[in-house]
Every structure is written in structure tokens, then in C-alpha cells.
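Enquirer: Generate a structure from the sequence data that follows.
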Amino acid sequence: MDRPRRLSFDEIAAARAATEQQYGSRRHPIGVMLWNVRSAYNVGSIFRTCDAARVELLLLSGYTPNPQTGKIHKTSLGAEETVPWIHLPDPFEAIAYQRQREHRIIAVELAENARSYATLQRGDFPATFVFGNELIGIRDDILEQCDEALVIPMFGKKHSLNVAVSVGIVLYRAIEALGITG
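Expert: Sure thing, here's the model as predicted:
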């Protein structure tokens, strides 16, 4: 077996060009909604993950910082220029917007009757995943507007992950469920 070798800049650029040729402007049928995520650094990181996962739309809701108001660029490294995003302060408006686009609305939250993120299947899409505030999660009245909830199992003493980490876990499981390979 060959040992790993770091790819050169030219090899990475060629792979990126091949991806653009394969996908064009087409994106995966996945939305991400952030409600009251307070850290601009988390939001910037989520922009980068949404870019990597070719997310269809990132919805910024509540007081979540957006590229025009927050210090997002430091962690997004320009992904705010490549990810389609909108700022809808009202979370119910954001959910209604995605429902009009025929998306299932799926909370990622420690909630009763939540199913494991690992059970996502192709039939769950198109879907928008809702992530809440770093401390309190998703407010009950917003959760009630969701079709269902997913949970990421926790095995340690802490009961949650950083929101940006959670987004990455769910998005890459979603890509796998859609049958998309790299």
C-alpha cells in the first residue's frame, strides 16, 4: 500500500475544476438554517462547511450574524461569497420559505422522539436542517414547526457538540444518504 502524499496546489486546483465541471451550478438539495447562533466564528465555520457540502441555501435567522454585520470572514475564508445565503430574522418566515421550496424541516436538537442523524435516507430530501443557539438550542415554538428532529448521540459527560461541528456531522451524513461520493 502506498503511503499518503500531500497534494500539490496544482493537483488540488485540478480536482476543484473537475468538481465544477461535474456539478456546474447544481447544488445538493440541502438547506441549513441557523437560529440565534451568536458566534460569528461559528457562523464563518458553518459557511465553509456549507461550501464544502455544496449546500443549496444557508438561512441566517434571529440575531445570527451575517456577512454584512459580523466578523464571519475570519473563519469563512471567503465562503460567504460562494454559498447562497439569505438573512430572514423571523425564524417562522425562514421555515415557510423553505416549505414553499418543498423542503422537509428537520431540527437537530435533543428532543423527544428525535431519531439518530445516522438514519437519514434519500427519501428525507430535499431537507433543511435547523440548528439553534449554542446554549439553549432551538426554542419550543420553532421546534413545533419542524417536521421532525434528529439527534447526534453523545457518549461523554457533555450533552452537546459545538454547533459548527454538529452542522458538519449532519451535512456529511446527508451527503452520504443522498448517495453522493467524492
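
Enquirer: which is the next helix or strand following the helix or strand of the chain with the lowest mean pLDDT?
Expert: Ranked by mean pLDDT, DSSP states H and E, the helix or strand of the chain with the weakest confidence is helix 9-23, at a mean of 71. Proceeding N to C from helix 9-23, the next assigned helix or strand is strand 28-35, under DSSP states H and E.

Enquirer: Return the mean pLDDT over that following strand, rounded to an integer.
Expert: The pLDDT scores in strand 28-35 average 97.

Enquirer: for the helix or strand following it, which positions count as buried?
Expert: Moving toward the C-terminus from strand 28-35, the next helix or strand (DSSP H and E) is helix 40-52. Neighbour counts over helix 40-52 (16 or more other CB atoms under 10 Å) mark 40, 42-51 as buried. Using the backbone N, CA and C atoms, a C-beta is placed for each residue, glycine as well.

Enquirer: and what of stretch 119-130?
Expert: Buried residues in stretch 119-130, defined by neighbour count with 16+ other CB under 10 Å: 120, 124-125, 127-130.

Enquirer: Spit out the contact partners of the spatially closest residue to residue 86 that is not a sequence neighbour.
Expert: Excluding its sequence neighbours, the residue lying closest to residue 86 (CB to CB, 6 or more residues apart in numbering) is residue 59, at 5.8 Å. By CB atoms under 8 Å, 6 or more residues apart in numbering, residue 59 lies in contact with 31-34, 85-88, 94, 97-98, 128.

Enquirer: Residue 95: neighbour count?
Expert: For residue 95, the count of nearby residues is 23 (other CB atoms under 10 Å).

Enquirer: Pretty sure it sits against residue 147.
Expert: No: using CB atoms under 8 Å, residue 95 is not in contact with residue 147, being 9.9 Å away.

Enquirer: Touching both of the two, which residues are there?
Expert: With CB under 8 Å, 6+ apart as the test, residue 95 and residue 147 both reach residue 105.
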